[in-house]
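**Q** sequence below, structure please.
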Amino acid sequence: MKKLLWFLPLLAFAALAGFFVAQLDNNAKGDDPTKLESVLVGKPVPAFHLEDLQTPSKEYDQAIFTGEPLLLNVWATWCPTCYAEHQFLNKLAAQGVKIIGLNYKDDRQKAIKWLNNLGNPYQISLYDGDGMLGLDLGVYGAPETFLIDANGVIQYRHVGDVNARNWQETLKPKFDALKGADK
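**A** Below is the predicted model:
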């Protein structure tokens with residue numbers, strides 16, 4: 001019996017090692033562990049009514065997502081990765097990329113201060129203090145960015161920061177295709 005108890009930790013270690021090797025093998029085959037599929041891809045942005053972050057008396061609904069392709073960026077001041085991506089979002093906005101911000105489960109005053117200090121890449125800043133639109137979008141956390149076509153339909157979901165590499169390799173080609181389809 002004592003010999004059996006001696007082998008249990010070894011068996012547990014072997015099982016755990018096997019699991020990790022299988023995960024590494026999946027990643028080598030091209031499976032992206034950060035890619036979270038969205039059931040909303042191909043569907044319109046869910047209906048909502050939210051206040052403007054900086055002007056609470058101004059309300060918006062899903063109609064703001066029609067007219068031209070754009071990015072919906074989910075962000076928060078408590079999110080260090082959001083801070084890391086913010087400068088790049090400012091560059092995209094300066095290049096004419098329309099970005100709508102969704103301030104997610106955050107303190108309104110901290111978010112306003114953030115935009116005043118770091119620049120505001122958002123043409124519209126929605127305030128989702130209780131996270132209900134984020135929940136409807138299937139957001140797991142911030143940052144997440146959605147590519148939305150001119151009809152208000154979600155075409156792609158990106159989890160994590162938007163940076164120069166993933167913008168050039170993944171997001172920009174998809175965004176440019178939406179812009180081309182818009183013409």
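**Q** now the residue nearest the centre of the chain: how far from residue 116?
**A** When the chain is reduced to its mean C-alpha position, the nearest residue by CA atoms, centre = their mean turns out to be residue 144, at 0.7 Å. Note on residue 144: its distance to residue 116, by CB to CB, to the nearest Å, is 23 Å. For the C-beta atoms, the positions are set from N, CA and C on the backbone; glycine is no exception.
**Q** what are the ranges of the helices in the chain?
**A** All helices of the chain, identified by DSSP state H, fall at 2-28, 80-94, 108-118, 132-137, 164-166, 172-182.
**Q** which of the residues in the last one are buried?
**A** What it means is helix 172-182. Residues of helix 172-182 classed as buried under the neighbour-count rule (16 or more other CB atoms under 10 Å) are 175, 178-179.
**Q** residue 40: neighbouring residues, count only.
**A** 16 (other CB atoms under 10 Å).
**Q** beta partners for the residue nearest to it when sequence neighbours are not counted?
**A** With CB to CB, 6 or more residues apart in numbering as the measure, residue 154 is the residue that lies nearest to residue 40, at 4.8 Å, once sequence neighbours are left out. Beta bridges link residue 154 to residue 148, judged by DSSP bridges.
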